[in-house]
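Undergrad: I'll drop the sequence and a predicted model, then ask my questions.
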Amino acid sequence: MEKQESTLFVGEFHRSIDEKGRLTIPAGWRPKNGGSGNGNDAHCLALPTPDGNITVYPPKMVAQLEARISQVSIGDIEGQKAITELMSMAHSLNCDRQGRINLNERLIAHAKIQKDVVLVGKLSTFSLFSDEGYEKFQSSYTVDEGTKAAVFQRFGL
C-alpha cells in the first residue's frame with residue numbers, strides 16, 4: 001500500500017512575474033494532479049505577512065488555518081478584526097496547466113513586487129519576496145552560530 005506524500009517546499013527560486021500577474025511555480029511545488037485548471041484543483045491561499053512578503057499555504061495548511069480561525073469567538077473583537085484585515089488581502093490560488101499562479105494587485109503591492117520574485121520554501125509553506133525584500137530579509141538575519149543552534153534545537157534538529 002503506497003501512501004501519497006505531501007509536497008515539501010524547500011529551496012530558493014528566482015522567477016519573474018508576467019504582465020498578467022502570473023508567476024510560475026517550481027515543478028516540484030505544483031499540485032500532484034498537474035493543475036488542470038478545471039476548477040476541481042485544490043486551492044492554495046496567499047496571505048500577506050507583517051514583514052512585507054507573501055506566504056502561500058497549500059490545501060493541507062489551509063484546512064488547519066480554517067480550523068484555528070473557526071475557534072475565534074465572535075465576542076473576540078480584536079481577533080475578529082485581525083481575521084477581517086488578514087482575509088481581506090488574502091487570495092485563493094490555483095495552478096494553471098503551465099504551473100502558474102495569479103497574484104492579485106493588493107498582494108503584489110504589499111510585497112513591493114515589480115517584476116522579479118524570490119520563492120523560498122519553508123517546508124510546509126513557501127514565501128514570495130521582491131528581490132529587494134529578500135535582500136533586506138537576508139541582511140537582517142545575521143544570527144550567530146550559537147543562537148542558530150539553539151533555534152534548531154527548539155525544532156528538534
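TA: Cool, the structure landed.
Undergrad: where do the strands sit along the chain?
TA: Counting by DSSP state E, the chain has strands at residues 12-16, 22-24, 44-48, 54-57, 91-93, 100-102, 116-121, 126-130.
Undergrad: want to try JSON lines for these, with distance to S70, mean pLDDT and mean neighbour count as columns?
TA: Every residue, glycine included, has its C-beta placed from N, CA and C. As requested, the strands of the chain are arranged in JSON lines below (distance: least, Cβ to Cβ, whole Å; pLDDT from 0 to 100; neighbours: other Cβ atoms under 10 Å):
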{"stretch": "strand 12-16", "distance to S70": "33", "mean pLDDT": "97", "mean neighbour count": "13"}
{"stretch": "strand 22-24", "distance to S70": "30", "mean pLDDT": "94", "mean neighbour count": "18"}
{"stretch": "strand 44-48", "distance to S70": "15", "mean pLDDT": "93", "mean neighbour count": "20"}
{"stretch": "strand 54-57", "distance to S70": "15", "mean pLDDT": "95", "mean neighbour count": "22"}
{"stretch": "strand 91-93", "distance to S70": "17", "mean pLDDT": "92", "mean neighbour count": "17"}
{"stretch": "strand 100-102", "distance to S70": "25", "mean pLDDT": "92", "mean neighbour count": "20"}
{"stretch": "strand 116-121", "distance to S70": "28", "mean pLDDT": "97", "mean neighbour count": "20"}
{"stretch": "strand 126-130", "distance to S70": "24", "mean pLDDT": "97", "mean neighbour count": "23"}
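Undergrad: closest to D76 out of these?
TA: When the strands of the chain are compared by Cβ to Cβ, strand 44-48 sits nearest D76, at 19.4 Å.
Undergrad: so how far is stretch 139-156 from its chain's centroid?
TA: The chain centre lies 22 Å from the centre of stretch 139-156; the measure is Cα atoms, centre = their mean, to the nearest Å.
Undergrad: got it, and stretch 106-115?
TA: How far stretch 106-115 lies from its chain's middle: 14 Å, per Cα atoms, centre = their mean.
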